[in-house]
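> what follows is a predicted protein model with its sequence.
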Amino acid sequence: MSQELKRARELEKLMEQHQEKHVYLEKLVMVLAGVILVLILVIIYLATHLTRHASKAQRHWLSLPSHFTIPILSPFTSVVEQETSVFSTRVIGIITVVLGVLAYFIFRHWFNSGRTRPT
């Protein structure tokens, strides 16, 4: 009887620790999601703000252009005046999605293999 009681207490303690860690990780994910959302909103704001004031930006000597390309370093643009893309938007999107899914499964495999190892 005392062994069962001791085991029940240990399991309860482990469950409490697990719950605390789970709550902490949920809060961390929410904070990180909020940071990513704020960064995306800042980028959208800056992109729209700088394009609206492009004519004013030329008059001010400290301002940077809203978009500039270095054709030698960029594989996505060619040297022609139209700045046409070498890769289509569809190809870039597919590559991004495939790499994201691959990274997810690699992370998941790594995370699950860490749990199943005997300690």
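Okay, I see it. Numbering: from 1, shown residues only.

> does His18 belong to a helix, a strand or coil?
With DSSP: H, G, I helix; E, B strand; the rest coil as the basis, His18 sits in helix.

> how many other residues sit next to Leu14?
Around Leu14 sit 10 other residues, with neighbours defined as other Cβ atoms under 10 Å. For every residue, glycine as well, the C-beta is placed using N, CA and C.

> same deal with Leu50?
When counting by other Cβ under 10 Å, one arrives at 16 neighbours for Leu50.

> give me the low-pLDDT residue ranges for the chain?
Filtered on pLDDT under 70, the chain yields the residue ranges 51-85, 115-119.

> quick one, helices of this structure?
With DSSP state H as the criterion, the chain has helices at 2-52, 54-59, 89-116.

> what is the first one packed up against?
Right, the one you point to is helix 2-52. Here helix 2-52 touches no other helix or strand, going by 3 or more Cβ pairs under 8 Å, 6 or more residues apart in numbering; DSSP states H and E.

> 10 Å instead?
Packing partners of helix 2-52 (3 or more Cβ pairs under 10 Å, 6 or more residues apart in numbering; DSSP states H and E): helix 54-59.

> let me see the domain layout of this structure.
When the chain is parsed with automatic domain parsing, its domains come out as 1-67, 69-119.
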